[in-house]
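> Give me a model of this one.
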Amino acid sequence: MVTFAEVKSLFRDIVDPAQYIPLTSCEKIKIDLLGAINKQEKMILLTGEAGSGKSLLLRTVYEQLKAKTDVFFVSNPYMEVDTVLKLIKDLDIQKHHILLLDEAQLLKADTWENLRIYADKGNITIVFATHDVDVNKLLSKKHFKTRINSIIHSKSVSKAEMENFILTKLLKNNYNEIASMFTKSNFNLIYKYTKGSLRATNQSIYKLFDVLDYFYKKNPYKFNLKKIKNKYIHIAIMDLKAINE
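Numbering: from 1, shown residues only. Model (predicted):
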């Protein structure tokens, strides 16, 4: 049997398109986003709570488009804002381009305004991925409210999707024995804590495998390899809460 420490790497909280799981709700958002991009709409907002999977979705869309489209991906516009503005300024006006901006809530107000002006030229589609609360602030400005063509909402996943998310990651990497250890009671408890946040799900499962690894190494002969006891999930959640406080 593989070690729990080995398995936990699947649940690192990183933006890796190879780890994208095509859940029903995520695929619906991706289809809507690609549809808006294909229509060459000027400004598109991808919104959602922190941890709802916006960054991974945006990166997955970029990987899908980059082979056949003139598309740019910016992961931290706050750090790269000057490069972004120069890039847009120098784009060929006769060719259509796509700019995917993650963490757009980091942009300053004047940068948003500059991007709006460039989008009005009609040769670029700009996708802004940002938090819900920041969208409300943005839409309070009249000149933005009338120019945003699409608002696509990324929502928390259902309990069934969260279960699918965890099991698919394990099974696609041939960790069948580990996957079989999870019970319905485990998933209920994990969902109670994560509330459908994919980031919180990754963090909690990563920490859970840390906990399992510790107790298994401490006393392997008394450790139950058939199923995961809820007490280990409680410990993992308590550890995460202590870290985040």
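
> after the worst-scoring helix or strand of the chain on mean pLDDT, next one along is what?
Lowest by mean pLDDT, DSSP states H and E among the helices and strands of the chain is helix 142-145, with a mean of 54. Downstream of helix 142-145, the next assigned helix or strand under DSSP states H and E is strand 150-154.

> And the average pLDDT for that following strand is what?
Mean pLDDT, computed over strand 150-154, is 88.

> Only the buried residues of that strand, if you could.
Applying a neighbour-count criterion of 16 or more other Cβ atoms under 10 Å, one finds 150, 152, 154 buried in strand 150-154. Heads up, the C-betas are built off the backbone N, CA and C, glycines and all.

> Out of those residues, which is nearest to I228?
Comparing the buried residues of strand 150-154 against I228 with Cβ to Cβ places S154 closest, at 29.0 Å.

> residue contacts, the closest one?
29, 46-49, 52-54, 57 (Cβ atoms under 8 Å, 6 or more residues apart in numbering).

> Out of those residues, which end up buried?
29, 46-49, 52-54, 57.

> Could you list which of those residues belong to strands?
46-48 (DSSP state E).

> how about these in a markdown table, adding distance to L107 and pLDDT?
Listed next are those as a markdown table, based on distance: Cβ to Cβ, whole Å; pLDDT from 0 to 100:
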| residue | distance to L107 | pLDDT |
| --- | --- | --- |
| L46 | 14 | 92 |
| T47 | 14 | 89 |
| G48 | 17 | 85 |
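
> and which of these is nearest F4?
The nearest one, if we look at those relative to F4 and count by Cβ to Cβ, is G48, at 30.9 Å.

> Relative to its centre, which residue of this protein is most distant?
Centroid-distance maximum for the chain: Y221 at 38.7 Å, with Cα atoms, centre = their mean.

> hang on, that one is in a helix, isn't it?
No. Per DSSP: H, G, I helix; E, B strand; the rest coil, Y221 lies outside any helix segment and is coil.

> quick one, phi psi at it?
phi -80, psi -20 (degrees, to the nearest 10).

> For it, give its distance to F215.
12 Å (Cβ to Cβ, to the nearest Å).

> ok, now T3?
Distance from T3 to F215, by Cβ to Cβ: 13 Å.

> same thing with S9?
19 Å.

> out of these two, which sits in the busier spot?
F215 (17 against 11; other Cβ atoms under 10 Å).

> Now for that one: which residues touch it?
Contacts of F215 by Cβ under 8 Å, 6+ apart are 223, 232.

> how far is the longest strand along the chain from where the chain is centred?
Longest strand in the chain, counting residues (DSSP E): strand 124-131. Relative to its chain's centre, strand 124-131 lies at 15 Å (Cα atoms, centre = their mean, to the nearest Å).

> shift numbering so it begins at 451
I'll keep to 451 as the first residue from here, and by that count the last item is strand 574-581.

> Spell out which strands sit alongside that strand in the sheet and which way each one runs.
In the sheet, strand 574-581 lines up against strand 493-498 (parallel), strand 547-551 (parallel) (DSSP bridges).

> pLDDT of the last one, averaged?
I take that to be strand 547-551. Strand 547-551 shows a mean pLDDT of 91.

> Report the backbone C-alpha coordinates of it in PDB.
Output in PDB follows, covering the C-alpha atoms of strand 547-551 (Å, rounded to 0.1, in the frame of the first residue of the first chain):
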ATOM      1  CA  HIS A 547      -6.900  38.900 -28.900                       C
ATOM      2  CA  ILE A 548      -8.000  37.400 -25.500                       C
ATOM      3  CA  LEU A 549      -6.600  38.500 -22.200                       C
ATOM      4  CA  LEU A 550      -7.400  36.400 -19.100                       C
ATOM      5  CA  LEU A 551      -6.800  38.300 -15.800                       C
END
